[in-house]
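Chemist: below: sequence and its predicted model.
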Amino acid sequence: MTDLTPDRLRHDALLLVPGVTLTPDGPSDLHAVVVRDGVFHDVGPVERIVRDHPALTPLRLPGHALMPGFVDSHHHLTQSFGGALAFGEPSEIFRRVWVPLERALDEESAYVAAKLAALESLRGGFTTVAEAGTRAAVDVDVVASATRDAGIRCVLGLVCNDASDGTGEDADPHTVLTAAEKHLARYSGDDLVHPSLAVSVPEAATAATLAATARLAADAGSVVQIHVNEHLVAVERSLVRHGLRPLEQLRQVGALGPQLLAAHATLLTPAEVTLLADSGAAVSYNPVASAWKGNAVAPATAFAERGIRFGLGTDGTRGDGFRLADAAEFAQRLGYGLASGDSSCGAGWTWLERATSGGADAVGLGRRTGRVAVGAAADFLLVDLTGPEMQPSWDLPWELVRRGNRDQLTAVFVAGRMRLWRGWPPDWDGPALVRRAAELSRSVVGRARVTRTHPTSVTARARATAAVPARPPAPYADAAAAAPTGGGRR
């Protein structure tokens, strides 16, 4: 592949002949694609594609897979300055870390934080992210501009809270819903930014507003993103306040339906799983978030069996699509597969599909992206398969899930345009953005009044070391040191 350069991938129309193409029917080593006007203009057998498009010069990509870009079905783009501030913390850190952090952002820092997160996502193979709604006191168009400038597709949530969830005050419902209508209209024709509504948790909105946002989103063909049944304390608060669990409350007020994108959904009763299946609602399964700060792992293999729509989300943990797919399978195996003797846990392809087309469907873009198919947006990855991670290859979907990594990404395309080449954007200064983010983050975190319950790892180690008394030398230490080192027998 020494002849492959970024310039060869910059043309308005491309005829690409990869070593293998991941189509909706599975991997094919005899397929080619034509990319034109931001979509897959043609997909099919190499001989036919080359014959039908004589004006295009085939660009052969041996040793590469062409696959759909990953879809992050749950992100918080303006939380990227937080990083390790949340590590080792108990649940519901949004109250102590994320909300204070976002509210300390001004327009520049919100833009830089969102663009930094978008860059990390692109580097991890994500071509679409669902932003669950920022609490920063800036126009949400700041986030839209950041993602658009980075070149990533974004499902952009607008927070529609009108009841206090402990992090703010009540709001006027009419004002909230008017803003929601304007938000849906504002981005209705945007190429890369797709409007969405968001409620932080069910208790953060009145019953009337929950129902109204559901209607608005359904009418607009969009989604409402809500954190649902994520933490034990939230489930208990809902039981105390309403006599219902969060998902049950959404059903009661008329907000449970195909327009709902339920983030996490980790603490579900069998009856609630049935509610999801019957309602057509979608779920964002966030396995890394469960491992880092959650109370449980969503029963995603049960979701798949029941036909529940779901994608994979990072929750802003780390922007690596391959590691996310691996975590999705790994968490199911530890949480459910070991106890039942299920050694397959989705057979690999389940997690690859949910990381791409399933995620696109969950965020409301199933007709637009997530597939290498004629008419779909040309959001795709060129993955180098020539390294030791993938050779010899016996089962590519499984290998991509368990052994794939972002270092294998040669190029990332969104809407037919190359957005990343070997880890960095070819048409804007990625390293400069990273440096600026490091500068701004110091002042933002300094004024954010973040409250952590645990010390940093360095401080924790120092405390642990100081708490352990020094051990006296073993009684035999001196004798052992003086013993002859020869191998003679005694």
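Modeler: Everything's here; your move.

Chemist: the helices in the stretch 201-350 of the chain, which residues?
Modeler: Using DSSP state H, counting those that start in this stretch, the helices of the stretch 201-350 of the chain run over 207-220, 232-242, 246-253, 270-279, 287-293, 300-306, 321-332, 338-340, 349-354.

Chemist: surely V20 forms part of a strand?
Modeler: Yes. Judged by DSSP: H, G, I helix; E, B strand; the rest coil, V20 forms part of a strand.

Chemist: mind listing the residues bridging to it?
Modeler: Beta-bridge pairing for V20 (DSSP bridges): A65.

Chemist: since we're on it, how many residues are nearby?
Modeler: 22 (other CB atoms under 10 Å). C-beta coordinates here come from the backbone N, C-alpha and C atoms, glycine included.

Chemist: my read is that it contacts P27, right?
Modeler: Yes. Between V20 and P27 there is a contact under CB atoms under 8 Å: 5.1 Å.

Chemist: which neighbours do those two share?
Modeler: A65, L396 (CB atoms under 8 Å, 6 or more residues apart in numbering).

Chemist: surely R323 is in contact with N405?
Modeler: Yes. Taking contacts as CB under 8 Å, R323 lies within contact range of N405: 7.2 Å.

Chemist: who has more neighbours, the two?
Modeler: The neighbour count for R323 versus N405, taken as other CB under 10 Å, is higher for R323 (21 against 17).

Chemist: tell me the spacing between that one and F87.
Modeler: 16 Å (CB to CB, to the nearest Å).

Chemist: check L244 too.
Modeler: L244 is 33 Å from F87, by CB to CB.

Chemist: adding mean pLDDT and distance to A117, write the helices of the stretch 201-350 of the chain out as TSV.
Modeler: TSV is the format used below for those (pLDDT from 0 to 100; distance: least, CB to CB, whole Å):
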stretch	mean pLDDT	distance to A117
helix 207-220	97	24
helix 232-242	94	25
helix 246-253	97	27
helix 270-279	97	28
helix 287-293	94	15
helix 300-306	96	24
helix 321-332	97	14
helix 338-340	93	34
helix 349-354	96	21
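
Chemist: of those helices, which approaches S393 most closely?
Modeler: Taking CB to CB, helix 349-354 is the member of the helices of the stretch 201-350 of the chain nearest to S393, at 14.4 Å.

Chemist: helices or strands next to that closest one in the packing?
Modeler: Counting contacts by 3 or more CB pairs under 8 Å, 6 or more residues apart in numbering; DSSP states H and E, helix 349-354 is packed against helix 300-306, strand 309-312, helix 321-332, helix 396-403.

Chemist: L232 is nearest to which of these?
Modeler: Going by CB to CB, the one of these nearest L232 is helix 321-332, 17.8 Å.

Chemist: what angle do the closest one and helix 396-403 make?
Modeler: Calculated by axes from the mean of the first three to the mean of the last three CA atoms, to 10 degrees, helix 321-332 forms an angle of 90 degrees with helix 396-403.

Chemist: flag every buried residue along helix 321-332.
Modeler: Neighbour-count burial for helix 321-332 flags G321, F322, R323, L324, A325, D326, A327, A328, E329, F330, A331, Q332 (criterion: 16 or more other CB atoms under 10 Å).

Chemist: related to what we said a few turns ago, reformat the helices of the stretch 201-350 of the chain as a markdown table; add distance to S196.
Modeler: Shown next, in a markdown table, are the helices of the stretch 201-350 of the chain (distance: least, CB to CB, whole Å):
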| stretch | distance to S196 |
| --- | --- |
| helix 207-220 | 7 |
| helix 232-242 | 21 |
| helix 246-253 | 16 |
| helix 270-279 | 18 |
| helix 287-293 | 19 |
| helix 300-306 | 21 |
| helix 321-332 | 20 |
| helix 338-340 | 36 |
| helix 349-354 | 19 |
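
Chemist: stretch 175-185 - what's its average pLDDT?
Modeler: For stretch 175-185, mean pLDDT is 97.

Chemist: sorry, wrong one. I was asking about stretch 115-124.
Modeler: When pLDDT is averaged along stretch 115-124, the result is 98.

Chemist: what does it rub up against?
Modeler: Here stretch 115-124 has contacts from 70, 72, 75-81, 129, 146-147, 149-152, 154, 314, 316, 318-324, 406, 409, 412, 414, 419-420, 423-425, 430, 433-434, 437, using CB under 8 Å, 6+ apart.

Chemist: count the neighbours of I308 for me.
Modeler: I308 has 25 nearby residues by other CB under 10 Å.

Chemist: could you do V155 as well?
Modeler: 30.

Chemist: so, low pLDDT: which residues of the protein?
Modeler: Applying pLDDT under 70 to the chain flags the ranges 1-3, 166, 470-490.

Chemist: now with 90?
Modeler: Applying pLDDT under 90 to the chain flags residues 1-4, 83-98, 164-170, 293-294, 448-461, 463-490.

Chemist: tell me the domain boundaries of it?
Modeler: 1-68+375-427, 70-369 (automatic domain parsing).

Chemist: so for R447, which of these sits nearest?
Modeler: domain 70-369 (5.0 Å).

Chemist: just give me how far that closest one sits from the chain centre.
Modeler: 9 Å (CA atoms, centre = their mean, to the nearest Å).

Chemist: out of the helices and strands packed on helix 349-354, which gets nearest to G348?
Modeler: When the helices and strands packed on helix 349-354 are compared by CB to CB, helix 396-403 sits nearest G348, at 3.5 Å.

Chemist: give me the contacts around the closest one.
Modeler: Counting by CB under 8 Å, 6+ apart, 20, 22, 26-27, 65, 67, 322, 325-326, 329, 347-349, 351-352, 383, 385, 389-390, 393 sit against helix 396-403.

Chemist: the very next helix or strand once past it pairs with which strands, and in what direction?
Modeler: For helix 396-403, the succeeding helix or strand toward the C-terminus, using DSSP states H and E, is strand 409-414. Strand pairing for strand 409-414, determined by DSSP bridges: strand 380-384 (antiparallel), strand 417-421 (antiparallel).
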